[in-house]
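J.: Can you look at this prediction? I've put the sequence above it.
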Amino acid sequence: MPAGAAVDPDSALHAYAQARLADGDGALQAAVANYRAAMTLDPDSIAIARRSFAQALESGDQALAVRAATMLDAEGILPRDGTLLWIGEALEKRDWAAAARATDRLEQEGNFAFLAPMIRSWIAQGEGRTAPAVISDADPFANLARRYVDEHVALQAIARGDLETAMPAARRALALRGGSDGAALRLTFAGQLAARGFRDEALTMLPDGSADFAAARSDLKRGKYPKGKRAMLSPAQGYARLVSRLAADIATDEAGVALGMRLARIATFADPTSAEGHIIAARLLTAAGYPAFGVAEACKAAEDKWYGPLGEAELIVALAEAGDRADAISLARSRAEQAGADAARQVQLGRLLADEKDFAGAAAAFRAAQAGYTDETMPWSLLLFEGSALEQGEQWDAARAVLERAAKLAPNEPVILNYLGYAQIERRQNVDQALALLQRASALKPQDASIIDSLGWAQYVTGNVKAAVPVLERAAAGAPDDPTVNEHLGDALWSAGRRYEARYAWNAAAIFAEGDVAERLAAKSREGLKPEYAAP
């Protein structure tokens, strides 16, 4: 195109450019709309298809994802998760032969080959055969595959009425899943058992007295189930569960969240009715920076009578990340006040309140979370949460008592030792004992930059500048973006006579500092370390 030439606003190039701009701004919905338009205007463009495929998965546009995948596959450049899309498409259409061919391809490609035994077992069920997944010890990914197999063995055995196989497999599957995912799996097993007439066995899946299971237990006891709960899982639905579970497991870091989000969408394509699938998709979309999409997915789950409480938990997170903190807190408070509310609900409320600087309310919520525990069973984390809220709310005496109680419960937990030690150093209280706590924390977790910083700062406060400097240098090397660590290092370097390096450390801290801290750092850089500018 000649320099300065205008781009036709109705052209594929214009739509593609608009899509890329929206993509860069994080406006996923606008990006997808423009990619869709670009593909319509230029259906042979591989560059457009590449971007359209990824964005269609992220936005949940199944038609666009399939269209782009078809083009990329024809060119031999379909990403590996595209094969998972084809398997889901084939299972949805009950095309068992196509599903088997796509599964063969999955094995040949290697990336997700460990899923093949479970997928083939669902294909067999669709064909009217029984062929439980078998994991070979010779398979190099056997241990990974075994993380998933019991759930599917149990679901398929329930469908056959084979409780002797189903119940042990279900218990093994549940042993691998905690939190929300474990609760959702319990509901799924209960629903499938009830659908086959095994009401008593279904009830054993759902702990009594929990608000998360109250609606399901009530329905089971009355023999009345919401629409759809009596249906046995289809192969497409079983496959969707497998891919959803993989998506949740993959999302352990930034790269994993991006892939997990796409897999979660593929799962919802295969089974758009799955509340559990929407819960996982909501979590990963929110984690990936698309909280508005997370809200939409969580709302779908929250409308389900059985899974609604779990969907609400994800909805709260998504609302908060989307900036609607008032509604997030309101919903969290409502959930925390329900009969049978567990510690997780109170903790969720407490964290939201702490983020809003309502430290008294946060401490009360964390205290309420402790109600169901004895001194022998109390999780130390609940005491740490309460102590932290009290400390930030300037109730130090109460905070110290709670933190010391936590330290007695978990004397070798470095997080507690660090918090208790550093909080006392900040206040110049019990300095020798606090230094000893930080030395123990550092010995237990020697590579933790925050603990290294606490120890170095304690050494500085106690007057051992020579020992503090190399410790704080190690902390800054481990956390170069942390303003507190760099400020501490700058103060220690100045006191050691290394003035140029001190200013360098303060300037590094200023890059990420805000408010009063930023003003204090600016003053140090101009005038040097004075008593009124010392880090707290």
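T.: Perfect, thanks for sending it. Source: prediction; values computed, not measured.
J.: Give me the helices and strands touching whichever strand or helix holds Gly294, please.
T.: Element membership of Gly294, judged by DSSP states H and E, is helix 291-302. The contact analysis (3 or more CB pairs under 8 Å, 6 or more residues apart in numbering; DSSP states H and E) places helix 291-302 against helix 275-287, helix 308-321. Where C-beta positions appear, they are placed from N, C-alpha and C, glycine not excepted.
J.: tell me the most buried of those helices?
T.: Ranked by mean neighbour count, those are led by helix 275-287 with a mean of 28 (mean count of other CB atoms under 10 Å).
J.: and that one, C-alpha only, in PDB?
T.: Extracted C-alpha coordinates of helix 275-287, given in PDB (Å, rounded to 0.1, in the frame of the first residue of the first chain):
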ATOM      1  CA  ALA A 275     -22.400 -25.900  36.000                       C
ATOM      2  CA  GLU A 276     -19.000 -27.300  37.100                       C
ATOM      3  CA  GLY A 277     -17.500 -26.400  33.700                       C
ATOM      4  CA  HIS A 278     -18.800 -22.900  34.000                       C
ATOM      5  CA  ILE A 279     -17.300 -22.600  37.500                       C
ATOM      6  CA  ILE A 280     -13.800 -23.600  36.300                       C
ATOM      7  CA  ALA A 281     -14.100 -21.300  33.200                       C
ATOM      8  CA  ALA A 282     -15.100 -18.400  35.400                       C
ATOM      9  CA  ARG A 283     -12.100 -18.900  37.700                       C
ATOM     10  CA  LEU A 284      -9.600 -19.100  34.800                       C
ATOM     11  CA  LEU A 285     -11.100 -16.200  32.800                       C
ATOM     12  CA  THR A 286     -10.900 -14.000  35.900                       C
ATOM     13  CA  ALA A 287      -7.400 -15.100  36.600                       C
END
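J.: any idea of the angle it forms with helix 291-302?
T.: 160 degrees (axes from the mean of the first three to the mean of the last three CA atoms, to 10 degrees).
J.: average model confidence for helix 275-287?
T.: The average pLDDT within helix 275-287 is 96.
J.: give me the number of residues near Arg526?
T.: 10 (other CB atoms under 10 Å).
J.: With distance to Ile46 added, can I get the helices and strands packed on helix 291-302 in a markdown table?
T.: What follows is the helices and strands packed on helix 291-302, written out as a markdown table (distance: least, CB to CB, whole Å):
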| stretch | distance to Ile46 |
| --- | --- |
| helix 275-287 | 27 |
| helix 308-321 | 34 |
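J.: Which one of these lies nearest to Arg217?
T.: When the helices and strands packed on helix 291-302 are compared by CB to CB, helix 308-321 sits nearest Arg217, at 12.1 Å.
J.: Packing partners of that closest one?
T.: Using 3+ CB pairs under 8 Å, 6+ apart: helix 308-321 touches helix 179-195, helix 275-287, helix 291-302, helix 325-336, helix 343-355.
J.: okay, those helices, which one's buried deepest?
T.: Compared across the helices and strands packed on helix 308-321, helix 275-287 shows the largest average neighbour count, a mean of 28 (mean count of other CB under 10 Å).
J.: what about Leu78, how many neighbours?
T.: The tally of other residues near Leu78 (other CB under 10 Å) stands at 22.
J.: Where does it sit, in terms of helix or strand?
T.: Applying DSSP H and E, one finds Leu78 in no helix or strand.
J.: what pLDDT does the nearest residue to it once chain neighbours are set aside get?
T.: Nearest non-adjacent residue to Leu78, counting by CB to CB, 6 or more residues apart in numbering: Leu72, 4.4 Å away. Confidence at Leu72, expressed as pLDDT, is 93.
J.: which ones are touching Leu72?
T.: 46, 49-50, 53, 78-79, 82 (CB atoms under 8 Å, 6 or more residues apart in numbering).
J.: Quick check: the gap between it and Leu64.
T.: Leu72 is 12 Å from Leu64, where distance means CB to CB, to the nearest Å.
J.: do the same with Thr188
T.: 30 Å.
J.: Please apply the same query to Tyr225.
T.: To Leu64, Tyr225 is 36 Å away according to CB to CB.
J.: more crowded one of the two?
T.: The neighbour count for Tyr225 versus Leu64, taken as other CB under 10 Å, is higher for Leu64 (21 against 18).
J.: Provide the count of other residues in contact range of the residue nearest to that one when sequence neighbours are not counted.
T.: Setting aside the residues directly before and after it, Leu64 is nearest to Ala56 in space (CB to CB, 6+ apart), at 3.8 Å. A total of 27 residues lie near Ala56 under the criterion other CB under 10 Å.
J.: looking at the protein, which helix or strand is least sure?
T.: None of the helices or strands of the chain scores lower by mean pLDDT, DSSP states H and E than helix 12-24, at a mean of 51.
J.: Tell me how many other residues crowd the closest residue to Glu92 other than its chain neighbours.
T.: Distances taken as CB to CB, 6+ apart place Ala236 nearest to Glu92, at 4.8 Å, with adjacent residues excluded. Ala236 has 21 neighbours, counted by other CB under 10 Å.
J.: quick check: angle from the host helix or strand of the residue nearest to Leu64 to helix 275-287?
T.: Using DSSP H and E, the element containing Ala56 is helix 46-59. Calculated by the same axes, to 10 degrees, helix 46-59 forms an angle of 120 degrees with helix 275-287.
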